[in-house]
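*Asks:* Here's a sequence, model it:
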Amino acid sequence: MKVLIGTSRMRRAVHMWLATMAILLVVAMVGALTEISFGPLQGFISKWSYNLVLLGSASACLARGLLVSAGRRGWVLLGSSLVLWSLGNVYYSVALWDLSVIPVPSISDGFWIVFYPLAFVSVAWLVRDRVSTSGLYLWLDGAMGALAAGAVVGALVFGPLFEVASGDAMALATNFSYPVGDLLLISMVVGAIGLSGWRIDPMWGWLGGGLLLFALIDSVYLVQVANETWLPGNVLEAGWPAAMLCIAFAAWRPRSKTNEVDLYGTRVITMPLLFASVALALVVYDHFSRVNLIALVMASAALGVAVVRMTLNFRQNVEMLGSSRMEALTDSLTGLGNRRRLMLDLEGACARDASDPMALIIFDLNGFKHYNDTFGHPAGDALLTRLGRSLAAAAGSDHAYRLGGDEFCVLVDCGDVTPENIATWLLATLSEKGNGFSIGAAAGWTVIPTEESNPSDALRRADRRMYESKNGGRVSEGRLAGNVLMQVLQERDPRLQVHLNGVASLAEEVCTQLGLSHAECQSVCLAAELHDVGKVAVPDEVLNKPGPLDDHEMDFIRQHTIIGQRILGVSPALTVVAQLVRSSHEAFDGKGYPDGLKGEDIPLGSRIVAVCDAFDAMVSERPYREAMTVREAIAELQRCAGTQFDPAVVDAFVASLVRGSELIASGPALV
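*Replies:* Prediction:
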């Protein structure tokens, strides 16, 4: 964003004034380069036009400081220094122009030399006003750029001056003060651009260009004066008023809005490399063709700054890598270690000797979703932070982790304490009660490397135990709700309860045969007991019809699993059971209802309930048919394995029947 300087009328007046000065300068240059005669104005143009441009440019710069408050001190001082330099040139035109030998130093030299300290201070104020930066790195970059630029200017300017230097000490000191002053000013402007993150503000571009032109003309003037080839009124004299015009244009450039410097931008990286390369090239060049001492010292100093910058940058990168590693291994919300940190620590724990085991304990919060929904996510984050700090205080900050969501974990030495006891002790740190909420946790654990010696396997074992504990609690809660529903079914149809109890007993045997966990077995058994709860919505005349059902009546039947899911889904503790009930009449070949699920897309618990339900129905009396024998029912299950039923579940069901003592006593093998 650009901020215009002064009022629109003020800017128009200044622009017209500077345009007039530029036209006058062009006219003077044309007169110096050609033989065009300007008649009675010839003497004025050849001798005084440059002075007028000098004074006009200096007055424009001074007006910038007097009329506009922004950056006033710098522009007033710079404009004043330019006025003094112009007065020195006026004195030169009046008193020294026609002399065959110009004394050095002269009064003009006094005006010209005093320009440099004043200009140096004014540029410093402009830097302070225009550049907003922080950090040592940009200051070093600015210093490096200033020294490298000064080295180049010194090599180009001071070499010719040293070759023609002659005269007394005062004359030499006077002559060399100009390029030294020019070099310092140019270096300072380059440094200011460096502090700005190498973004070249138009003001610094015009100002730097004007000062560079000053330096070039000063050098040419001093060399030609030493060689006695300088002619007053030649076109090269236009360089000084042209340089002042550039500075005047700089004074009235729009002011750029100060922005934060991007410390990781391309320019901030490439420009210091460029200046360091320039300084290095100059030092290398000195081995083949000697450069002057000033340029060599400044180039060496620039390389020294580059080394310091590189050292600090290396240290910064090491710190950033350490910080990034810490952030990568830390949970941003709680400050605990995250899953990545846990996996690294688990690798070390798995490599330990079995005589020095560690307990991996995973915790999952109970009631957190309700808390989050009730009080909002910020309150939920605050709760997680409090619980995380409590867990870290009990287990040690290096041993506590947050795995994500509402899951926490600890990895601690077992010693003589069982992991169950450690988990029980730590569960208290993850509980909180208040008005309308109660937060607790379920825990699962494993011992490393005694039970598991692989990080992923250890996590799976602890996770499985945690969910068994969590689901066990849910099933216990669901059992209470299930008992109520079972009583409702008994009141509706006592025979239905007998059937459901039979299916549940069969399902328990199959779950054991398939090696399901205790919590999974409880969920399947509860689903087996409640899989027909939706039939409370089916009319009695349909439910007790002695013959086959028509299509309309079958629609009632096909809806009962969905109704059962809706009834059970009211209780959060029966969410898993409700899904098993919904899918309990799906067929393995995808021709069941209500969703047409196929194969292993059907939950395993639902496939178990389907087989057990069909068997119990086949061996039970119905109003419309007689009961099958056990052998006949098993044969029917095996015939439908792969179409209606899961073959693996049928095999497990048959195996569980064979293992039953009652059937074994009944006669020969069933399969």
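
*Asks:* Was I right to think Tyr75 contacts Leu67?
*Replies:* Let me fix one detail, which is that residue 75 is Trp and not Tyr. No - under the criterion of C-beta atoms under 8 Å, Trp75 makes no contact with Leu67, lying 9.5 Å away. C-betas here are computed from N, CA, C, even on glycine.

*Asks:* Could you check which of these two is surrounded by more residues?
*Replies:* Taking neighbours as other C-beta atoms under 10 Å, Trp75 and Leu67 compare with Trp75 leading, 27 against 14.

*Asks:* Can you spell out which helices and strands pack onto whichever helix or strand Asp373 is part of?
*Replies:* Take DSSP states H and E as the rule and Asp373 turns out to sit in helix 368-375. For helix 368-375, the helices and strands in contact under the criterion 3 or more C-beta pairs under 8 Å, 6 or more residues apart in numbering; DSSP states H and E are helix 377-395, strand 437-448.

*Asks:* Make JSON lines out of these and add mean pLDDT, distance to Val658 and mean neighbour count.
*Replies:* Below are these laid out as JSON lines (pLDDT from 0 to 100; distance: least, C-beta to C-beta, whole Å; neighbours: other C-beta atoms under 10 Å):
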{"stretch": "helix 377-395", "mean pLDDT": "91", "distance to Val658": "49", "mean neighbour count": "17"}
{"stretch": "strand 437-448", "mean pLDDT": "88", "distance to Val658": "34", "mean neighbour count": "21"}
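
*Asks:* Could you provide these in TSV, with additional columns for distance to Pro603?
*Replies:* Shown next, in TSV, are the helices and strands packed on helix 368-375 (distance: least, C-beta to C-beta, whole Å):
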stretch	distance to Pro603
helix 377-395	30
strand 437-448	22
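
*Asks:* what's the closest of these to Trp425?
*Replies:* Proximity to Trp425 (C-beta to C-beta) singles out helix 377-395 among the helices and strands packed on helix 368-375, at 7.5 Å.

*Asks:* Contacts for the closest one, please.
*Replies:* The contact list for helix 377-395 (C-beta atoms under 8 Å, 6 or more residues apart in numbering) reads 331, 333-336, 363, 365, 368, 371-372, 400, 402, 406, 408, 410, 412, 425-426, 429-430, 432, 439.

*Asks:* What sits closest to Ala537 if chain neighbours are left out?
*Replies:* Leaving aside its sequence neighbours, Ala537 sits nearest to Ile563 (C-beta to C-beta, 6 or more residues apart in numbering; 4.8 Å).

*Asks:* residue contacts, the one you found?
*Replies:* Contacts of Ile563 by C-beta under 8 Å, 6+ apart are Gly534, Val536, Ala537.

*Asks:* From Leu18, how far out is it?
*Replies:* 90 Å (C-beta to C-beta, to the nearest Å).

*Asks:* Buried residues, stretch 349-367. List them.
*Replies:* Going by neighbour count (16 or more other C-beta atoms under 10 Å), the buried part of stretch 349-367 is 349-350, 357-367.

*Asks:* from those residues, which two are the most distant?
*Replies:* Cys350 and Gly367 (33.3 Å).

*Asks:* phi, psi of Asp364?
*Replies:* Main-chain torsions, Asp364, degrees, to the nearest 10: phi -130, psi 120.

*Asks:* ok now do it, which residues does it touch?
*Replies:* By C-beta under 8 Å, 6+ apart, the contact set of Asp364 is Asp406, Glu407, Ala441, Ala442, Met466, Tyr467, Lys470.

*Asks:* Dump these into TSV; add distance to Ala394 and secondary structure as well.
*Replies:* Shown next, in TSV, are the contacts of Asp364 (distance: C-beta to C-beta, whole Å; DSSP: H, G, I helix; E, B strand; the rest coil):
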residue	distance to Ala394	secondary structure
Asp406	18	coil
Glu407	17	strand
Ala441	13	strand
Ala442	17	strand
Met466	18	helix
Tyr467	23	helix
Lys470	21	helix
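
*Asks:* Strands along this protein, start to end?
*Replies:* Secondary structure of the chain (DSSP state E): strands at 2-3, 255-256, 358-366, 400-404, 407-413, 432-434, 437-448.

*Asks:* quick one: which of the ones you listed is nearest Leu342?
*Replies:* Between those, strand 400-404 lies closest to Leu342; by C-beta to C-beta that is 4.6 Å.

*Asks:* rewinding a little: can you flag the buried ones in the contacts of helix 377-395?
*Replies:* 331, 334, 336, 363, 365, 368, 371-372, 400, 402, 406, 408, 410, 412, 426, 429-430, 432, 439.

*Asks:* what's in contact with stretch 637-651?
*Replies:* So stretch 637-651 is contacted by 510, 514, 587-589, 591-592, 602, 604, 607-608, 610-611, 614-615, 653-654 (C-beta under 8 Å, 6+ apart).

*Asks:* Ser83 against Leu62, yeah?
*Replies:* Heads up, residue 83 is Val, not Ser. Yes - contact status for Val83 versus Leu62: in contact at 6.3 Å, counting by C-beta under 8 Å.

*Asks:* where in the stretch 501-650 of the chain is pLDDT low?
*Replies:* 501-502, 538-550, 553, 556, 572-573, 622-625 (pLDDT under 70).

*Asks:* How about the contacts made by Leu506?
*Replies:* Here Leu506 is in contact with Ala528, Cys612, Phe615, Asp616, Phe653, Ser656 (C-beta under 8 Å, 6+ apart).

*Asks:* what about the stretch 301-450 of the chain, any weak spots by pLDDT?
*Replies:* Using pLDDT under 70, the stretch 301-450 of the chain drops low at 323.

*Asks:* Please repeat the previous calculation with a cut-off of 80.
*Replies:* The stretch 301-450 of the chain contains residues with pLDDT under 80 at 309, 312-314, 316-328, 354, 415-416, 436.

*Asks:* Report the contact partners of the closest residue to Ala507 other than its chain neighbours.
*Replies:* What sits nearest to Ala507 in space, not counting adjacent residues and going by C-beta to C-beta, 6+ apart, is Ala528, at 4.0 Å. By C-beta under 8 Å, 6+ apart, Ala528 lies in contact with Leu500, Val503, Ala504, Leu506, Ala507, Ile608, Val609, Cys612, Asp613.

*Asks:* Thanks a lot, catch you later.
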